[in-house]
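Novice: starting from these lines, generate the structure:
(chains A, B, C and D)
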2 protein chains.
Amino acid sequence: MEDLIHEAYGGIFEPALLDEISSVAKIVPFKEGDVLIDIGKYIKTMPLLISGAIKIMREDLDTGELLLYFIEKGDTCSMTLTCCMGDKKSEIRAVAENNGLVAMIPVGKMEEWMGKYKSWRAYVFESYNNRFNELLNAIDNIAFMHMDERLLNYLSETSKVNNSTIINKTHQEIANELNSSRVVISRLLKALEHEGKIKMNRNSIEIVRQAKD
Amino acid sequence: MEDLIHEAYGGIFEPALLDEISSVAKIVPFKEGDVLIDIGKYIKTMPLLISGAIKIMREDLDTGELLLYFIEKGDTCSMTLTCCMGDKKSEIRAVAENNGLVAMIPVGKMEEWMGKYKSWRAYVFESYNNRFNELLNAIDNIAFMHMDERLLNYLSETSKVNNSTIINKTHQEIANELNSSRVVISRLLKALEHEGKIKMNRNSIEIVRQAKD
DNA sequence: ACGCTCCTGTAACTATTGTTACCATATCCG
DNA sequence: CGGATATGGTAACAATAGTTACAGGAGCGT
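Specialist: Okay, the predicted model is just below:
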């Protein structure tokens, strides 16, 4: 179990901190679809992602939903940071995109380490910064891009975090994550298939050419 | 000049920190339209807003623009925090919405205070959290709302930060900040006028009923 | 007053996205 | 096997937003 933390965070934290994390962290596995954090909930332990990918979603009042960004190995969600530090409710939902592991850290340790370890402080700030930029990126997507581009981006990102050119999602699921409707997604996917960028099968989509040519 | 800082930040920082801020800060006035921070630029001093309002904009590659949120007295922009701490380029543009004052703090002091003052640490985290939530709010706006609602929100927010029910902006300016086009904004404003929510004059719009009834 | 620029109104059209409806087939389960 | 459910294809239509074009009036400087 120490190996896991060392592998994922070895390049980020100083040795003494790694040891401390290993001693206090509880390694928890999660499965695809698990809701790790939900909107309106308080967070009592902070998760550090060891393996797998987590998607961060925003929900609207009237059942609208939107994928904001993915989190991968070595990352954490700044929302959990603020929630832990400030005792606030979560504004986002975190859902497992695939199977993986998290190291759960008691909130008390977080603040302790803020004063004790420089690498921890740097990590916390880096996390905030990354999440901020990912939100900006999400804004760029929905504000400046059309649905077909957003769809391609989504397929590309999903392919990346799942390490596969084959995406096992239904049109309905994709529509939900992009806050669109199934018919629209089917239409656009069909167009992408005609352009030779993807191949479609039941329950899966294969990316033929990556979005970034 | 000490009075200004005490007035704006008296409830936030401990006395010793307030004194230190007063001694090192350079008070700088700004005028409506001033570009305080621009995309791609490095930031060498951190601004604390004393009076006035600043709008934070995001820009697209092909000349699209979008207002993300406003910053008011007692706030700072988390982008400047990360830029200062991490020596990174700004991803956003900060433009003065009206006239006001900022206290400019040398970057070195920021890090010094992080270890020295608990209220400073709390403030920095609170700022990050506020900006994060404001970005989420911006996402809600563009992802889940139609242009007419966004327009009403915009008018309401603008009215608030300018302390006036009269908004001195042209349709073109509003269109730019909402990343729309002038014709669309004119059309929607006309509809809002028919609904009795606003009154229009050349170069100004009066909010008759606040958006939040 | 004259010409110029800026601001706004409006029409007509296009593009994009969302909605509703219906169908075909695949898959799962009893 | 037979029926229920999930998934995807497609058409027709509606709603929203963006584009182009043009006109009228306000304000400004000469």
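Novice: quick check: next helix or strand after the lowest-mean-pLDDT helix or strand in chain A?
Specialist: In chain A, no helix or strand scores lower on mean pLDDT, DSSP states H and E than helix A:78-86, which sits at a mean of 70. Next in sequence after helix A:78-86, counting helices and strands by DSSP states H and E, comes strand A:93-96.
Novice: low-confidence bits of chain A, can you list those?
Specialist: A:1-2, A:83-86, A:209-213 (pLDDT under 70).
Novice: what parts of chain A come near DNA strand D?
Specialist: When proximity is defined by CB under 7 Å from any atom of the strand, chain A lies next to DNA strand D at A:170-172, A:182-183, A:186-187, A:189-190, A:200, A:202-204. Bear in mind the C-beta positions are built from the backbone N, C-alpha and C, glycine included.
Novice: what's the first helix or strand after the top helix by length along chain A?
Specialist: The residue-count maximum for a helix in chain A (DSSP state H) belongs to helix A:118-144. The helix or strand immediately downstream of helix A:118-144 is helix A:147-161, counting by DSSP H and E.
Novice: can I get that following helix in CSV, CA atoms only?
Specialist: What follows is helix A:147-161, C-alpha atoms only, in CSV (Å, rounded to 0.1, in the frame of the first residue of the first chain):
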residue,chain,number,x,y,z
MET,A,147,-21.9,21.0,-29.9
ASP,A,148,-20.1,19.0,-32.6
GLU,A,149,-16.7,20.3,-31.4
ARG,A,150,-17.7,19.7,-27.8
LEU,A,151,-18.6,16.2,-28.6
LEU,A,152,-15.3,15.5,-30.3
ASN,A,153,-13.5,17.0,-27.3
TYR,A,154,-15.5,14.9,-25.0
LEU,A,155,-14.8,11.7,-26.9
SER,A,156,-11.1,12.6,-27.0
GLU,A,157,-10.9,13.3,-23.3
THR,A,158,-12.9,10.2,-22.4
SER,A,159,-10.7,8.1,-24.6
LYS,A,160,-7.7,9.6,-22.8
VAL,A,161,-8.8,9.0,-19.2
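Novice: tell me what that helix is packed against?
Specialist: strand A:65-71, helix A:118-144, strand A:166-167, helix A:171-177, helix A:182-194, strand A:204-207 (3 or more CB pairs under 8 Å, 6 or more residues apart in numbering or on different chains; DSSP states H and E).
Novice: that one: which residues count as buried?
Specialist: By neighbour count on 16 or more other CB atoms under 10 Å in any protein chain shown, the buried set for helix A:147-161 is A:147, A:150, A:151, A:152, A:153, A:154, A:155, A:157, A:158, A:159, A:161.
Novice: and what of stretch A:113-123?
Specialist: For stretch A:113-123, using 16+ other CB under 10 Å, the buried residues are A:113, A:114, A:117, A:119, A:120, A:121, A:123.
Novice: nearest to DNA strand D among those?
Specialist: Taking CB to the nearest atom of the strand as the measure, DNA strand D sits nearest to residue A:123 out of the buried residues of stretch A:113-123, at 38.7 Å.
Novice: for the closest residue to the closest one other than its chain neighbours, give its distance to DNA strand C.
Specialist: The shortest distance from residue A:123 to any non-neighbouring residue, by CB to CB, 6 or more residues apart in numbering or on different chains, is to residue A:12 (5.9 Å). Relative to DNA strand C, residue A:12 is positioned 38 Å away (CB to the nearest atom of the strand, to the nearest Å).
Novice: nearest residue to the closest residue to DNA strand D within chain A other than its sequence neighbours?
Specialist: Closest residue of chain A to DNA strand D, CB to the nearest atom of the strand: residue A:170 (3.1 Å). The shortest distance from residue A:170 to any non-neighbouring residue, by CB to CB, 6+ apart, is to residue A:203 (6.1 Å).
Novice: which ones are touching that neighbour?
Specialist: Taking CB atoms under 8 Å, 6 or more residues apart in numbering or on different chains, we find residue A:203 in contact with A:168, A:169, A:170.
Novice: can you pick the most crowded of those?
Specialist: When neighbours are taken as other CB atoms under 10 Å in any protein chain shown, the top entry among the contacts of residue A:203 is residue A:169 (18 neighbours).
Novice: am I right that it falls within a helix?
Specialist: No. Residue A:169: not assigned to a helix; according to DSSP: H, G, I helix; E, B strand; the rest coil it is coil.
Novice: list the contacts of residue A:189.
Specialist: A:151, A:171, A:174, A:198, A:200, A:205.
Novice: so which bits of chain A are right by DNA strand C?
Specialist: A:146, A:147, A:148, A:179, A:180, A:181, A:183, A:184, A:188, A:202.
Novice: quick one: name the residues of chain A near chain B.
Specialist: For chain A, the residues in contact with chain B (CB under 8 Å from any CB of the partner chain) are A:58, A:60-61, A:64, A:66, A:68, A:78-79, A:82, A:85-86, A:88, A:91-92, A:114-115, A:121, A:125-126, A:128-129, A:131-133, A:135-136, A:138-140, A:142-144, A:179.
Novice: buried members of these into PyMOL, please.
Specialist: The following PyMOL line selects those of the residues of chain A next to chain B that are buried, judged by 16+ other CB under 10 Å:
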select buried, chain A and resi 58+66+68+78+79+82+85+91+92+114+121+125+126+128+129+131+132+135+136+138+139+140+142+143+144+179
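Novice: can you tell me how far the residue of chain A closest to DNA strand D is from residue A:24?
Specialist: 40 Å (CB to CB, to the nearest Å).
Novice: what do you get for residue A:165?
Specialist: 39 Å.
Novice: what about the two, which has more around it?
Specialist: Between residue A:165 and residue A:24, counting by other CB under 10 Å, residue A:165 is the more crowded of the two (17 against 14).
Novice: what's the neighbour count on the residue lying closest to residue A:165 once chain neighbours are set aside?
Specialist: Nearest residue to residue A:165 in three dimensions, chain neighbours excluded: residue A:207, at 4.7 Å (CB to CB, 6+ apart). Residue neighbour count, defined by other CB under 10 Å, stands at 19 for residue A:207.
Novice: likewise residue A:177?
Specialist: 19.
Novice: over to residue A:26?
Specialist: 11.
Novice: run through the residues that contact it.
Specialist: A:45, A:103, A:104.
Novice: ok, the first one - how many residues close by?
Specialist: Using other CB under 10 Å, the number of residues around residue A:45 comes to 18.
Novice: cool, and residue A:201?
Specialist: The number of residues near residue A:201, taken as other CB under 10 Å, comes to 9.
Novice: ditto for the one 4 residues further on
Specialist: Counted with other CB under 10 Å, residues neighbouring residue A:205 total 23.
Novice: after the helix or strand encompassing residue A:27, which helix or strand is next?
Specialist: Taking DSSP H and E as the criterion, residue A:27 maps to strand A:26-30. Remark: after strand A:26-30, the chain's next helix or strand is strand A:35-37, criterion DSSP H and E.
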